[in-house]
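*Asks:* Below is the sequence, then the predicted model.
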Amino acid sequence: MTERQSHPDLNSDFKNPEDWLNPQKLAAIFGPHADKNGDNTEGARIFIGIAGGIAVYKVCTVVSRLAQAGAQVTVAMTESATRFVSPLTFQALSGNPVYTSPWEHLESSDPQHISLADRSDAVLIAPCTMNSLASIVHGQTDSVVTLILSAIDRKTTPVLIAPAMNDSMWTQPANQRNIKLAQDDGNIIVGPGSGWQACRHDGTGRMSEPEDLIQALALALHL
Ligand SMILES: Cc1cc2nc3c(=O)[nH]c(=O)nc-3n(C[C@H](O)[C@H](O)[C@H](O)COP(=O)(O)O)c2cc1C
């Protein structure tokens, strides 16, 4: 992970939740800036893995605001995720190609999942489905998202997981076991929240809001 040297005042600059959606304020954390030696750093390299849940639409805001703030955002989507929002949307918002298969964008000598993992300052999996969570904690690499994640070194790169699912799926013993395993393995679980769900239930399992996801990423980068 590249050490980021900016020191925004998290107390005064980010008093209100909507401040975490303000690209000008976010630029101090995620954008290019001069480090303590006066050298210019590049924008933070954020990898966002998207799994197939209805909350994919909320991640459009996350990608857009981070890109506007000057972050270098790379998106990968599971096959299921592409059924909710087109990869083209994330390509346009991030300004970068979107990975939807392990077999695309193969760079000469460097398998894409290794090079992407190596060059990420922080990782966010959002929404993380019950299925993708199970894959992650059991070391399965059955989608491009879980494959890239399998090559991330948790000791140097923070991995944030934002679960999103129906309240019955969230409380399933298998899912709760997997959340515990994910935490034990060093992943940071963000949310989920409670309230109205797309399945017309009121309960726990809705994905955290974009401002909460960006705040969690900012805090992880400043550890
Ligand atoms: C309309 C619809 C909405 C869904 N929403 C969710 C969801 O919010 N969370 C979840 O865990 N699974 C959800 N699923 C099920 C997943 O898409 C399914 O388990 C899929 O295999 C996940 O694959 P992935 O983890 O590779 O993306 C939904 C399925 C459909 C058809």
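*Replies:* It's in.
*Asks:* Downstream of the helix or strand bottoming out on mean pLDDT in the chain, the next helix or strand is which one?
*Replies:* Each helix and strand of the chain was given a mean pLDDT (mean pLDDT, DSSP states H and E); the minimum falls on helix 112-118 at a mean of 73. Tracing the chain C-terminally past helix 112-118 and defining elements by DSSP states H and E, one meets strand 122-128 next.
*Asks:* helices or strands up against that next one?
*Replies:* Here strand 122-128 is seen to pack against strand 45-50, helix 56-68, helix 130-137, helix 144-150, strand 159-163, helix 210-221 when contacts are counted using 3 or more C-beta pairs under 8 Å, 6 or more residues apart in numbering; DSSP states H and E. Where C-beta positions appear, they are placed from N, C-alpha and C, glycine not excepted.
*Asks:* Which one, of these, ends up nearest to the ligand?
*Replies:* Between the ligand and those, the tightest spacing by C-beta to the nearest ligand atom is seen for helix 130-137, at 3.5 Å.
*Asks:* average pLDDT for that closest one?
*Replies:* Computed over helix 130-137, the mean pLDDT rounds to 98.
*Asks:* so who does residue 196 touch?
*Replies:* The neighbours of residue 196, taking C-beta atoms under 8 Å, 6 or more residues apart in numbering as the test, are 202, 206.
*Asks:* Name the helix or strand for the spatially closest residue to residue 133 that is not a sequence neighbour, please.
*Replies:* Once flanking residues are discounted, residue 133 sits nearest to residue 178: 5.0 Å by C-beta to C-beta, 6 or more residues apart in numbering. When secondary structure is defined by DSSP H and E, residue 178 falls within helix 173-184.
*Asks:* Describe which strands the next helix or strand after that helix pairs with in its sheet and in which direction.
*Replies:* Where DSSP H and E defines the elements, the next helix or strand beyond helix 173-184 is strand 188-189. If you go by DSSP bridges, strand 188-189 pairs up with strand 159-163 (parallel).
*Asks:* measure residue 164 to residue 126 for me?
*Replies:* From residue 164 across to residue 126, the span is 7 Å (C-beta to C-beta, to the nearest Å).
*Asks:* between those two, what contacts are shared?
*Replies:* Common contact partners of residue 164 and residue 126 (C-beta under 8 Å, 6+ apart): 55, 207.
*Asks:* What count of nearby residues applies to the residue nearest to residue 133?
*Replies:* 20 (other C-beta atoms under 10 Å).
*Asks:* Does it touch residue 134 like I think?
*Replies:* Yes - the pair formed by residue 178 and residue 134 meets the contact definition of C-beta atoms under 8 Å, at 5.4 Å.
*Asks:* distance of the residue sitting nearest the centre point of the chain from the ligand?
*Replies:* In the chain, the C-alpha closest to the average C-alpha coordinate belongs to residue 124, at a distance of 1.8 Å (C-alpha atoms, centre = their mean). Going from residue 124 to the ligand by C-beta to the nearest ligand atom, to the nearest Å gives 15 Å.
*Asks:* since we're on residue 56, how many residues are nearby?
*Replies:* Using other C-beta under 10 Å as the criterion, residue 56 is surrounded by 24 other residues.
*Asks:* Quick check, it in contact with residue 128.
*Replies:* No - between residue 56 and residue 128 there is no contact under C-beta under 8 Å: 11.3 Å.
*Asks:* Close to the ligand: what parts of this structure are there?
*Replies:* Contacts of the chain with the ligand, taken as C-beta under 6 Å from any ligand atom, map to 51-55, 78, 80-81, 127, 129-132, 143, 164-165, 169.
*Asks:* rerun at 5 Å
*Replies:* With C-beta under 5 Å from any ligand atom as the criterion, the chain meets the ligand at residues 51-54, 78, 80, 129-132, 143, 164-165.
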